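> Need the 3D shape of this:
(chains A and B)
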Amino acid sequence: DTAVSQTPKYLVTQMGNDKSIKCEQNLGHDTMYWYKQDSKKFLKIMFSYNNKELIINETVPNRFSPKSPDKAHLNLHINSLELGDSAVYFCASSHSSADTQYFGPGTRLTVL
Amino acid sequence: GENVEQHPSTLSVQEGDSAVIKCTYSDSASNYFPWYKQELGKRPQLIIDIRSNVGEKKDQRIAVTLNKTAKHFSLHITETQPEDSAVYFCADLNAGNMLTFGGGTRLMVKP
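Below you'll find the predicted structure:
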């Protein structure tokens, strides 16, 4: 019973395609996040979201958009994929925005 | 924006020795400082955290110290073991409730 899960684990696609990564948490948390980890292992916040507020890191291109069908899910949609989007994407969740964050297993995205 | 500097970027120690990783932050309103351990190909996992109302916290072989005046905090691992080998990340939660991570420290514990 994984607390934070993501699918798929690996995603290989061509430049210009649109893709989605799904995230689910069964912890009853109110806040969910998406992070990008690049090839140098640097972890950067992309979005923070709860049922009241979406906070977007200003450096994230608008080709990326989070979508939350309900409190337990936060999916990441990426349009017009570019080579530089290749990275590992981690979903995370926390009880509130000031609490400990728990990470999903990651999705390795490779854009060819 | 908020900046978190982490040093060293790599650290090699002999099994049984201590390891210390240091981070500095810029936002004086930051009030929560977690440390994550990431093994190769795995997710970051919280190992210890500290809030700004305390100066030190210990959990078995791991301890974290915080100096709010100087805006730096450190991770201390004593009696290191080969399974401690991983990348360690410090982070701080700024006034906007966004976690900013340091650049990571690759710790290698030689048996």
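
> pLDDT score for residue A:52?
pLDDT recorded at residue A:52 is 72.

> That one: how many residues sit nearby?
8 (other C-beta atoms under 10 Å in any protein chain shown). C-beta: built from backbone N, CA, C; applies to glycine.

> Now do the SS call for it.
coil (DSSP: H, G, I helix; E, B strand; the rest coil).

> Ok, the one 10 residues further on next?
In three-state terms, and counting by three-state DSSP, residue A:62 is coil.

> Please read off the pLDDT at it from the model.
92.

> and what of residue A:1?
pLDDT, residue A:1: 56.

> who touches the spatially most central residue of chain A in this structure?
Chain A has residue A:34 as the residue nearest its centroid, 3.2 Å off, counting by C-alpha atoms, centre = their mean. Residues in contact with residue A:34 (C-beta atoms under 8 Å, 6 or more residues apart in numbering or on different chains) are A:23, A:45-47, A:66, A:74, A:76, A:89-92.

> Among the residues you listed, which ones are in strands?
A:23, A:45-47, A:66, A:74, A:76, A:89-92 (DSSP state E).

> ranking these by neighbours, who comes first?
residue A:91 (29 neighbours).

> How much space separates the closest residue to that residue other than its chain neighbours from chain B?
Using C-beta to C-beta, 6 or more residues apart in numbering or on different chains and skipping the chain neighbours, the partner closest in space to residue A:91 is residue A:23 (3.4 Å). Between residue A:23 and chain B the distance is 12 Å, computed by C-beta to the nearest C-beta, to the nearest Å.

> Which residues does residue A:23 form beta bridges with?
residue A:6 (DSSP bridges).

> likewise residue B:23?
residue B:6, residue B:73.

> show me what contacts it?
Counting by C-beta under 8 Å, 6+ apart, residue B:23 has contacts B:4-7, B:33, B:72-74, B:90, B:92, B:102.
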